[in-house]
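Q: have a look at this fold, sequence not included:
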C-alpha cells in the first residue's frame, strides 16, 4: 500500500507541476522528490510518535544510501547505458555533500535537540529554494490547466494511502525485529528503507527509459536531501531523542561518502558509466554487510 500510494502520488504531483509551468529539473528535484519521500516521512513520523524515533532515523539514512548507490546502479545496469548529467545539475551539487554532512555532525553526540531539528529543516529549505530560484523555466508549456483540481484531489488520495500503509509498516517491521531478535533500527535501515525507495526507483526507471536523465537524477537527489535535512529535522522537532551513535558513525558516514563518490562520477565527463554503476552497487553491498556485522 505504501509503494502504491507513493507511485500514484509521484504521478499526479508531476502532472500538477506541469500545470504550473515548472521545468523538468525542478519537477524532479523538488515536486516529485517531495512526494517520493512520503513513505519514509510517514514511517519516520509514526515511529517518533510511537516512541522509537531511532527506527525512523535508521530508515531515512538507510534509504538515502540505497538511493545514492543501489538505485543509480539499477537504472544504469537496466538501461545498459551511462547516465548523462546536465551542467545545471552539477552547478547545484557543488555544496550538496555539505548539506548531507549536517545531520552527521549534529548527531555525533547521539542526540538531536528540537533546536537542531529546526536548523536542519531551515537548511534543507534553503537548498531547495536555491534550486528553485536557479531552475525556473518560464518557457515551459502548460497542459490541461483545468486538470489542476483533479490532480490535486488524486494527490490527496494517494497521500492517504501512504499514511495508512506507513502505520502498518512500522507496526509489522517492529514485530518482525522482535520475532527475529534483531534490533528495530537494523530492520529500518536494511528492510523498510528498501521499500521506501521504490517510488523514486519506479519513477526514475520510467524517466530514464524516456531519456529524461535530468528528471531521474533530480528525483533521487532531491529525495536524499529532504530525508537528510527536513525529515530528520522534523523527527527531532516532534520528539528530541537519543540514539545509538553507530547510526551516525556508520550509516551517516556511508551516506556522505556515497554522495561524494557519486558526485565524483558525475563530474567525470558529465556521465555516470556502466562500470561506475557496478561500483555503486558494490559499495551498497559493502554497506549492507558492515551493518549486519556491527548490529547483530
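A: Sure, I can see it. The shown structure was predicted, so the numbers you read here are calculated from the model rather than taken from an experiment. Residues are numbered from 1 along each chain as shown.

Q: all strands for the stretch 101-250 of the chain, in order.
A: According to DSSP state E, counting those that start in this stretch, the stretch 101-250 of the chain carries its strands in the segments 111-112, 241-242.

Q: can I get those in TSV with mean pLDDT and distance to residue 78?
A: Glycine gets a C-beta too; all of them are placed from N, C-alpha and C. Output for the strands of the stretch 101-250 of the chain, formatted as TSV (pLDDT from 0 to 100; distance: least, C-beta to C-beta, whole Å):
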stretch	mean pLDDT	distance to residue 78
strand 111-112	92	37
strand 241-242	84	38
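
Q: so which of those gets nearest residue 233?
A: strand 111-112 (8.3 Å; C-beta to C-beta).

Q: adjacent strands (with direction) for the closest one?
A: Applying DSSP bridges to the sheet, strand 111-112 is found paired with strand 241-242 (antiparallel).

Q: what's next to the partner strand, contact-wise?
A: 48, 53-54, 110-112, 235 (C-beta atoms under 8 Å, 6 or more residues apart in numbering).

Q: same thing with stretch 207-223?
A: 24-30, 32-34, 36-37, 67-68, 71-72, 75, 78-79, 83-86, 88-89, 93, 96, 128, 131, 200, 203-205.

Q: again, only this time at 6 Å
A: Residues outside stretch 207-223 that contact it (C-beta atoms under 6 Å, 6 or more residues apart in numbering): 24-25, 28-30, 32-33, 36-37, 67, 71, 75, 79, 83-84, 86, 89, 200, 203-204.

Q: what mean pLDDT would you report for stretch 259-273?
A: For stretch 259-273, mean pLDDT rounds to 86.

Q: chain center to that stretch, what's the gap?
A: 18 Å (C-alpha atoms, centre = their mean, to the nearest Å).

Q: thinking again about what came up before, which of the contacts of stretch 207-223 fall in strands?
A: Among the contacts of stretch 207-223, DSSP state E puts 83-84 in strands.

Q: are any of the contacts of stretch 207-223 buried, and which?
A: Taking 16 or more other C-beta atoms under 10 Å as the criterion, what is buried in these is 24-25, 28-30, 32-33, 36-37, 67, 71, 75, 79, 83-84, 89, 200, 203-204.

Q: so where do the helices sit in the stretch 1-150 of the chain?
A: With DSSP state H, counting those that start in this stretch, the ranges of helices along the stretch 1-150 of the chain come out as 2-19, 24-26, 33-36, 38-49, 53-65, 72-79, 87-93, 96-106, 114-134, 148-179.

Q: please name the nearest non-neighbouring residue to residue 56.
A: Closest residue to residue 56 apart from its sequence neighbours, by C-beta to C-beta, 6 or more residues apart in numbering: residue 44 at 3.0 Å.

Q: next, count neighbours for residue 82.
A: Residue 82: 18 surrounding residues under other C-beta atoms under 10 Å.

Q: would you confirm that residue 92 contacts residue 131?
A: Yes. Contact criterion C-beta atoms under 6 Å: residue 92 and residue 131 qualify, at 5.3 Å.

Q: these two - which one has more neighbours?
A: Ranked by neighbour count (other C-beta under 10 Å), residue 92 and residue 131 place residue 131 first, with 24 against 18.

Q: isn't the more buried one up against residue 28?
A: No. Counting by C-beta under 6 Å, residue 131 does not reach residue 28; the two are 10.1 Å apart.

Q: so who does residue 102 touch?
A: residue 123.

Q: next one: it from residue 272, what distance?
A: Separation of residue 102 from residue 272 (C-beta to C-beta, to the nearest Å): 25 Å.
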